[in-house]
Each structure stands twice: as C-alpha cells, then as structure tokens.
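# structure for this input, please:
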Amino acid sequence: MQVSFWSNYHQLGTTSNMIAVALYTALKYRMRILMAHNHFDRSTLESAFIDRSYLEHSLMDLSDTGIDALSRFIKFNRIEKNEISSYTTTILKNRLDLLTGTRNKNRNIYQSSLKESIQLILRSAALYYDLVFIDTAPCNNEISEKIIENSDLVVVNLCQNPNTIENFIKNHGEYLDKSLVLLGKYDADSRFNIKRIRKKFNLDCVCAIPYSTEFADACIESRSVDFFIKNIEADKDDMHSNFINSVADAAKSILTALGMDDAKTVRQVS
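Numbering: from 1, shown residues only. Alright, predicted model coming up:
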C-alpha cells in the first residue's frame, strides 16, 4: 500500500508527521515499511535518522544507494522485489527502511529523471514493502501529482487555520475521496479545534498531532528512533503521552483507511 504525506502549503510539519507515524507503525505492527521523498531541496527526512556529518560526507558519497541509483538501475533493468532494499538505508532491521533523496545538483535533470522512473520505483517497492510512505513535495508539483494519483491514501497535512483548510478543499477537492486530514502542531486550546473543524468543513477523517519540542529536537539531532523507543509506552501521567497517543491514533486511522487495521499482529517493544 502506498501513502502520500502531502500539503498544499510549505512548512506545515508534513515530514515530521510522517516520521512519527512511520516510526510508531514500524515499532508497533509487524510490517515492513519504506520511507521516501521526492524533494529536490534538502529534506529533513534523512537527518532525522542519520547523523548530518555522516549524511553529508559518507552516505552521500555512495553511488549505489538512494533514489538516484535506483532510478538509474530501474530504467534499464528488471528489479526483483527483494533487490529494492539494497538501495535503501536500514533504520529498524526488517521493519523500516529509508530511500535517501537525490544528490543531483541540477533541478531539471533530477526532475526529468524522476518523472520517467518514479512510478516504476513505487510499483516495485509496493511488491516488497507492506507500506510505502512518501513525503511528497508540497503545492502544485508534477511529480507529486503522479505520486498522489497512484497512492492508495493521501494524508493531507494542514494547520488549524480555516483559510488553509478551505484552500485545500477549494483547489484540491479531487483528493478528498482518498484522503485523511492530519492537523500538525495541533493546539487543543484553539477555538478551531478538531471537533469544530470536522463540523465546519464536513470532514470525517481528521486526526491531529500536537507539537512536541523534545521530538522536534530529536529529529534535528538524528535521535528520532531513540525518542520513540524511549517514549512509545508513555503512560497517562507522562509528559509525552498526549503526543504518543495522538500519533497512535493517526497511525491506526491510516491503517483503518487502508483496510489494514487488523491484518497484522501488534508487536511488543523490546
């Protein structure tokens, strides 16, 4: 199953929302998950998991991993379903992999290459992984539109500003039939809370994830995995419980929308 995390605006926490949901799902469910993105400008997805110095000076020197290498190979070769993981970076063994983004310095060359290969890459990934989460470049992006068109679900990342939500419905209403709205950096004390937003815009599938300073810091410092392993079982009195429970609700809603909510056995965190 393919899930696009997308927004009609920049800087709405799309990447951090996907990171949180992917980590929670990988740790709690028996699934093999791939994370990827189609951003040309530097994405924060890689740095949430991989130390920046290694990312910039070691991993990026490897020519046989990441979306560029996979794109080159897949254009001229048939790829077996289990071979695709060799182009990825393991985040959680047998559970969560990352397909790193482009190292190309030329935007036009990158976009031209990816236009030709993205659908084949994602179809191949879907044969090996239970879930493919894609941090999809925002706004009107031709490659993003291709990805969304072929996605089973679009997680639309919005803020609580009614104008932003109205803009999405007005200009991207075609996504509504297969979308789930995720309110990032959610403030429960706002007048525009989740209940009011559901009613005002007649939206059924709406989830919310509040801002967590410690999780944001963990992503900056490449400690996102450690944060979730440490806090995933937070009890109701824990300062992180609201954040973790909200991520859990979003993950379950996504699996339910995909018809996968009871297809896998919940795994115990070790």
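
# contacts, neighbours, all on C-alpha from now
Fine.

# residue 128 touches residue 94, doesn't it?
No: using C-alpha atoms under 8 Å, residue 128 makes no contact with residue 94, being 11.3 Å away.

# so these two - more neighbours on which side?
Per other C-alpha atoms under 10 Å, whichever of residue 128 and residue 94 has more neighbours is residue 128, with 18 against 14.

# who touches the longest strand seen in the chain?
Criterion DSSP state E: the longest strand present in the chain is strand 179-186. Under the criterion C-alpha atoms under 8 Å, 6 or more residues apart in numbering, residues 12-14, 17, 153-160, 205-212, 250, 254 lie in contact with strand 179-186.

# can you rerun that using 6 Å?
The contact list for strand 179-186 (C-alpha atoms under 6 Å, 6 or more residues apart in numbering) reads 153-159, 205-211.

# mind putting those in JSON lines, secondary structure, pLDDT and distance to residue 8 included?
What follows is the contacts of strand 179-186, written out as JSON lines (DSSP: H, G, I helix; E, B strand; the rest coil; pLDDT from 0 to 100; distance: C-alpha to C-alpha, whole Å):
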{"residue": "153", "secondary structure": "strand", "pLDDT": "97", "distance to residue 8": "16"}
{"residue": "154", "secondary structure": "strand", "pLDDT": "97", "distance to residue 8": "12"}
{"residue": "155", "secondary structure": "strand", "pLDDT": "97", "distance to residue 8": "11"}
{"residue": "156", "secondary structure": "strand", "pLDDT": "96", "distance to residue 8": "8"}
{"residue": "157", "secondary structure": "strand", "pLDDT": "96", "distance to residue 8": "8"}
{"residue": "158", "secondary structure": "strand", "pLDDT": "95", "distance to residue 8": "8"}
{"residue": "159", "secondary structure": "coil", "pLDDT": "93", "distance to residue 8": "11"}
{"residue": "205", "secondary structure": "coil", "pLDDT": "91", "distance to residue 8": "17"}
{"residue": "206", "secondary structure": "strand", "pLDDT": "96", "distance to residue 8": "16"}
{"residue": "207", "secondary structure": "strand", "pLDDT": "97", "distance to residue 8": "17"}
{"residue": "208", "secondary structure": "strand", "pLDDT": "97", "distance to residue 8": "17"}
{"residue": "209", "secondary structure": "strand", "pLDDT": "97", "distance to residue 8": "18"}
{"residue": "210", "secondary structure": "strand", "pLDDT": "97", "distance to residue 8": "19"}
{"residue": "211", "secondary structure": "coil", "pLDDT": "96", "distance to residue 8": "20"}
